[in-house]
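Trainee: no sequence on this one, just coordinates:
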Ligand code: NAD
């Protein structure tokens, strides 16, 4: 088994801890690594290294700081296949899905390379005679990211490249379920040759998180994960006076109007609902058919669900991998059962899946639940598995009301060929990301990323200019230089 190490002050450190979390390949169920569950001592070392590195990194000119990122981008590109295979082996998604997340990670590095333009200040001359007002952007200090399991390569890159380019130093804590991807990426970070302590890696779970939330030198924290944890992180970090943004869970509706191109809609919706085995915060998980869209869509989506090729993500032709672990498989299967108890009917039922050659794998095949009742437990709960709940209404107004009645607000999609329906939807739906004939409305790196309502806690978001805002603090300087003084020379 590959040892999982911390990377602190440019050294690989084997932490002396008592507890470990077993990392499995979810396609086989076999243990492939052990994550050391670090705590206060290790977080303290990393935070101290980052704090010591901050003054010199901050004074390194921004155009020099981004040179490190240009190098990191080239290394990430060159090692895409190796990183992708590691993601598949510890996270379960297919190799294509794993590489796609790295494309988005690299895109964020590329956008952050524009930091010389993005963190420029502003000046207003002569706000009164001889007085100028200047706005400077300065880095925040030591920042940290607490990451979830489902995008082990991409999610830290919504933040890290912007933070570093803006002159901050950093601590990353990956999910204890998937430590290997970041360990591999940190081997590339080591090759880049950042100055000591600029970017640090600490493994662990709740103890490490609490140590980050309470650490006095850590000034800003980004979190991505489930809503309950997001609320906890947001509250505790804010109590400690830190800048914080916390992305939470989701339950994304997709509305299908009768004028949609049904074949195209079905293919895109199936990819969204069942891709990454539904373990994606932008997966559509509630399909609302309007009027006569019901029959054709139901038939097509059931065919798409039943015919999806499920297996080990490195095997040729596989379209969907397993869930992350046994607990997740059991939970998803129980929720499908709960749906049936609440009156839904499983038109395609993925429970009890076994894949030949991967009998220990944690697979649940795509599942379609029809007649899910709004307000029921299965409707309210984020399933985070390949389960599409179906509902039916008669008008787009009812569909929008249904979408808006949900507590989450990460994404909402509409399939239609009507421009006015699309405009109404975009205008009225309460969600941070809207897809019109799009199943996974994931913003490019130069747009902000976050949800609304119970899917997000904070103000400034990830990616692009929002990340620049988050990782810089503005300082306003007002200067008086009377003209008369210059006559002295
Ligand atoms: P999670 O909340 O279980 O864990 C996320 C991180 O928090 C991990 O690093 C974990 O170690 C830590 N953590 C877990 N429990 C904790 C606790 N009680 N106290 C302190 N720290 C704790 O989430 P997950 O299962 O890894 O990820 C799946 C969830 O993430 C889903 O709900 C999904 O919707 C969400 N997600 C959201 C987005 C988004 O952009 N909104 C993106 C990806 C995933």
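Mentor: On my side now, so go ahead. Everything quoted here is computed from the prediction, not taken from an experiment. Residues are numbered from 1 along each chain as shown.
Trainee: contacts and neighbour counts: CA atoms only from here.
Mentor: Will do.
Trainee: what sits against the residue nearest to residue 349 when sequence neighbours are not counted?
Mentor: Spatial nearest neighbour of residue 349, excluding adjacent residues (C-alpha to C-alpha, 6 or more residues apart in numbering): residue 367 at 4.8 Å. Contacts for residue 367 (C-alpha atoms under 8 Å, 6 or more residues apart in numbering) come out as 305, 346-350, 386-388.
Trainee: buried residues, the helix or strand that contains residue 398. List them.
Mentor: For residue 398, the element it lies in under DSSP states H and E is helix 396-404. For helix 396-404, the neighbour count (16 or more other C-alpha atoms under 10 Å) marks 396, 399-400, 402-404 as buried.
Trainee: of the contacts of residue 367, just say which sits nearest to residue 206.
Mentor: Distances from residue 206 to the contacts of residue 367, taken as C-alpha to C-alpha, are shortest for residue 386 (27.4 Å).
Trainee: what's the burial count for residue 1?
Mentor: Using other C-alpha atoms under 10 Å, residue 1 has 7 other residues around it.
Trainee: look up how far residue 224 lies from residue 277.
Mentor: Residue 277 sits at a distance of 19 Å from residue 224 (criterion: C-alpha to C-alpha, to the nearest Å).
Trainee: for the chain, which residues are neighbours of the ligand?
Mentor: 146-150, 174-176, 205-206, 209, 224-226, 229, 247-250, 281, 450, 455 (C-alpha under 6 Å from any ligand atom).
Trainee: now the residue in the stretch 301-450 of the chain that the ligand sits nearest to: phi and psi?
Mentor: The stretch 301-450 of the chain approaches the ligand most closely through residue 450 (5.9 Å), counting by C-alpha to the nearest ligand atom. Dihedral pair for residue 450: phi 180, psi 170, per degrees, to the nearest 10.
Trainee: got a list of what it touches?
Mentor: Counted by C-alpha under 8 Å, 6+ apart, residue 450 has contacts 247, 410, 432-433, 456, 461-462.
Trainee: tell me how far residue 186 lies from residue 107.
Mentor: 18 Å.
Trainee: got it, and residue 210?
Mentor: Residue 210 is 31 Å from residue 107, by C-alpha to C-alpha.
Trainee: of the two, which one has the most company?
Mentor: residue 107 (20 against 16).
Trainee: now, which of the contacts of residue 450 sits nearest residue 156?
Mentor: Nearest member of these to residue 156, counting by C-alpha to C-alpha, is residue 462, at 9.9 Å.
Trainee: residues near that closest one, how many?
Mentor: By other C-alpha under 10 Å, 28 other residues sit near residue 462.
Trainee: cool, the one 4 residues further on as well?
Mentor: Neighbour count for residue 466, taken as other C-alpha under 10 Å: 19.
Trainee: that one belongs to a helix, doesn't it?
Mentor: Yes: Residue 466 sits within a helix when classified using DSSP: H, G, I helix; E, B strand; the rest coil.
Trainee: right, and it touches residue 458 too?
Mentor: No: contact between residue 466 and residue 458 fails when scored by C-alpha atoms under 8 Å: they sit 11.7 Å apart.
Trainee: so what does the strand or helix carrying residue 69 touch, helix or strand wise?
Mentor: Following DSSP H and E, one finds residue 69 within helix 62-78. In terms of contacts (3 or more C-alpha pairs under 8 Å, 6 or more residues apart in numbering; DSSP states H and E), helix 62-78 is packed against helix 95-112, helix 115-118, helix 160-165, helix 179-192.
Trainee: for those, give me CSV that also has mean pLDDT.
Mentor: Rendered in CSV, the data for those read as follows (pLDDT from 0 to 100):
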stretch, mean pLDDT
helix 95-112, 98
helix 115-118, 98
helix 160-165, 98
helix 179-192, 98
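Trainee: now, of those helices, which is deepest in the fold?
Mentor: A comparison of the helices and strands packed on helix 62-78 by mean neighbour count, using mean count of other C-alpha atoms under 10 Å, puts helix 160-165 on top with a mean of 29.
Trainee: do you know the pLDDT at residue 483?
Mentor: pLDDT for residue 483: 86.
Trainee: surely it touches residue 130?
Mentor: Yes: using C-alpha under 8 Å, residue 483 is in contact with residue 130, at 6.4 Å.
Trainee: and the strands in the stretch 251-400 of the chain?
Mentor: Per DSSP state E, counting those that start in this stretch, the stretch 251-400 of the chain carries strands over the ranges 252-256, 284-290, 345-348, 367-370, 387-393.
Trainee: need the winner for burial among these.
Mentor: Across these, the average number of neighbours (mean count of other C-alpha under 10 Å) peaks for strand 252-256, which reaches a mean of 29.
Trainee: so what are the sheet partners of it and their directions?
Mentor: With DSSP bridges as the test, strand 252-256 is paired with strand 284-290 (parallel), strand 411-415 (parallel).
Trainee: tell me the mean pLDDT for the longest one?
Mentor: Here strand 284-290 scores 98 as its mean pLDDT.
Trainee: contact partners of that strand?
Mentor: Residues contacting strand 284-290 (C-alpha under 8 Å, 6+ apart): 251-258, 269, 272-273, 278, 297, 379, 387-396, 399, 411-413, 439-440.
Trainee: also stretch 85-95?
Mentor: 23-27, 32, 84, 98, 149-150, 152-153, 177-178, 180-181, 276-277, 312-314, 318-324.
Trainee: try stretch 461-472
Mentor: 108, 111-112, 118-119, 137-140, 158-159, 162-163, 166, 168, 220, 243, 245, 445-450, 460.
Trainee: check what pLDDT residue 488 gets.
Mentor: 67.
Trainee: got the phi/psi numbers for the closest residue to the ligand within the stretch 1-150 of the chain?
Mentor: Residue nearest to the ligand within the stretch 1-150 of the chain: residue 148 (3.4 Å; C-alpha to the nearest ligand atom). Main-chain torsions, residue 148, degrees, to the nearest 10: phi -90, psi -180.
Trainee: now do the one 5 residues further on
Mentor: Main-chain dihedrals, residue 153, degrees, to the nearest 10: phi -90, psi -30.
Trainee: pretty sure it is touching residue 102, no?
Mentor: Yes: here residue 153 lies in contact with residue 102, judged by C-alpha under 8 Å, at a distance of 6.1 Å.
Trainee: which helix or which strand is home to residue 172?
Mentor: Secondary structure (DSSP H and E) places residue 172 in strand 169-173.
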